[in-house]
Every structure is written in structure tokens, then in C-alpha cells.
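**Student:** Kindly return the folded structure for what I paste below:
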Amino acid sequence: MTTSKKLTTGDTFPVINAMLLDGSSVELGKARGNATWQMIVVYRGVHCPLCTRYLNQLEQHKEALEELGVSVMAVSGDSKTQLEKHLEQLTISFPIAYGLTQEQMQTLGLYISVPRSEKETDHNFAEPGLFIVNEEGNLQAIDISNAPLLRPELDVIVRGITFVRSQPDYPIRGTLKY
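**Tutor:** Below you'll find the model as predicted:
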């Protein structure tokens, strides 16, 4: 039996870099602009219509998240060419990165799938993951799934972050290690 290491809330978000289309490297977990928190959405890739829909829905929540001090970033294991193709289907304005390696996927504790065929994609890919990193660089919340159909509702996330950020002494939940 193979075991995988899952991240624990409260831990420091690992150093993970990916590429932006302009050729620059971006460190995931580092808030951008005036934000102090960052939400990182890991998606399966251009081959996944559910990912396309989720990323487009995320755009509709971006402004509310920014008002809460949360910057948004999406990333996948796709290549630059695959991301360029995917952007034709996306109506987003938040940064989206590519090139997440299998080792990085494992570091994040993501479930990883093997493509069913070359028509699906040409590389192993991460199943959905969502990470919220606070101003101290620690994991405030984690949601990982082994299937594309299981993803947190974005309006619930916005309401939850609104509540947590309004309670200065609200603890990070789920930190017990065993």
C-alpha cells in the first residue's frame, strides 16, 4: 500500500514555484497586490470541462475575495501550449500558472491521476485542490479531492473567509496531528 503525505492546516505553505505565460516564475502562497492572504486553486488541466467552469465561476468571486484581502491564483500541470489553448475557453483576469510538476503535486498532498489516453492529456495530472494561505504564510484552509466533481462552492468559501477574517481570535481549524 502506498501512502501519501497530506499537508496540515497551520503548517507553513511549502515553497512551490510555477510559470506564468510571460515566462516569469511565481511563488504560490505569496499574496499579490494589496492582499494579505492567497487562495491557490489547483485544477486538472485544459482537458477538464469542470475545471473550465470552476475557473470561470471563480472569476465571478474574485472581487469579493480581493475585498477580503485574498488574492487568487490558479495552477495546473499543463504545459505552456496547453494553458494557451485553455485560455481560449476562460474568461478570467486572475493569474494562472502552468508547469506544476508531479513532485510539487506530491508536496501539496494532491491526488494524482494517470490520463486515460493521449486524447485526455500527455502527462499525469493533479486532481482538484484549494489552499488558503494566511498573512503568516500558514495554511488557513485546505480542500483536496480525488475527483473533478468534488469541489467547494465558491460562495461558501467567500462567506467563510468573511466570517474568519471578522474574528481576530478565530483559530485555524484541523491542526491536530496524529
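**Student:** For this protein, which residues score under the pLDDT cut-off?
**Tutor:** The chain contains residues with pLDDT under 70 at 1-4.
**Student:** Tell me which residue is most central in it.
**Tutor:** Per Cα atoms, centre = their mean, the C-alpha nearest to the average position across the chain is that of residue 41, at 1.9 Å.
**Student:** Apart from its chain neighbours, what residue comes closest to it?
**Tutor:** Among residues not flanking residue 41 along the chain, residue 74 sits closest, at 4.5 Å (Cβ to Cβ, 6 or more residues apart in numbering). Heads up, the C-betas are built off the backbone N, CA and C, glycines and all.
**Student:** helices and strands around the helix or strand where that neighbour lies, which ones?
**Tutor:** Under the criterion of DSSP states H and E, residue 74 resides in strand 70-75. Applying 3 or more Cβ pairs under 8 Å, 6 or more residues apart in numbering; DSSP states H and E, one finds that strand 70-75 makes contact with strand 37-42, helix 49-67, strand 96-97.
**Student:** could you list every residue that touches the closest residue to residue 54 other than its chain neighbours?
**Tutor:** Of all residues beyond its chain neighbours, the one nearest residue 54 is residue 151 (5.7 Å), with distances taken as Cβ to Cβ, 6+ apart. Residue 151 makes contact with 50, 54, 128, 130, 143, 145, according to Cβ atoms under 8 Å, 6 or more residues apart in numbering.
**Student:** Of the residues you listed, which is the nearest to residue 65?
**Tutor:** residue 130 (12.0 Å; Cβ to Cβ).
**Student:** element containing residue 155?
**Tutor:** Taking DSSP H and E as the definition, residue 155 sits inside helix 154-166.
**Student:** same thing with residue 142?
**Tutor:** Using DSSP H and E, the element containing residue 142 is strand 139-144.
**Student:** And the residue nearest to residue 14 when sequence neighbours are not counted, how close does it get to residue 131?
**Tutor:** Spatial nearest neighbour of residue 14, excluding adjacent residues (Cβ to Cβ, 6+ apart): residue 107 at 5.2 Å. Using Cβ to Cβ, to the nearest Å, residue 107 is found at 12 Å from residue 131.
**Student:** and the residue nearest to residue 54, which of the three is it?
**Tutor:** Look at residue 151: counting by DSSP: H, G, I helix; E, B strand; the rest coil, its state is coil.
**Student:** do residue 83 as well
**Tutor:** helix.
**Student:** tell me the contacts of the residue nearest to residue 41?
**Tutor:** 40-43, 55, 58, 92, 94-97 are the contacts of residue 74 under Cβ under 8 Å, 6+ apart.
**Student:** What is the nearest of the residues you listed to residue 163?
**Tutor:** The closest of these to residue 163 turns out to be residue 58 (Cβ to Cβ; 19.5 Å).
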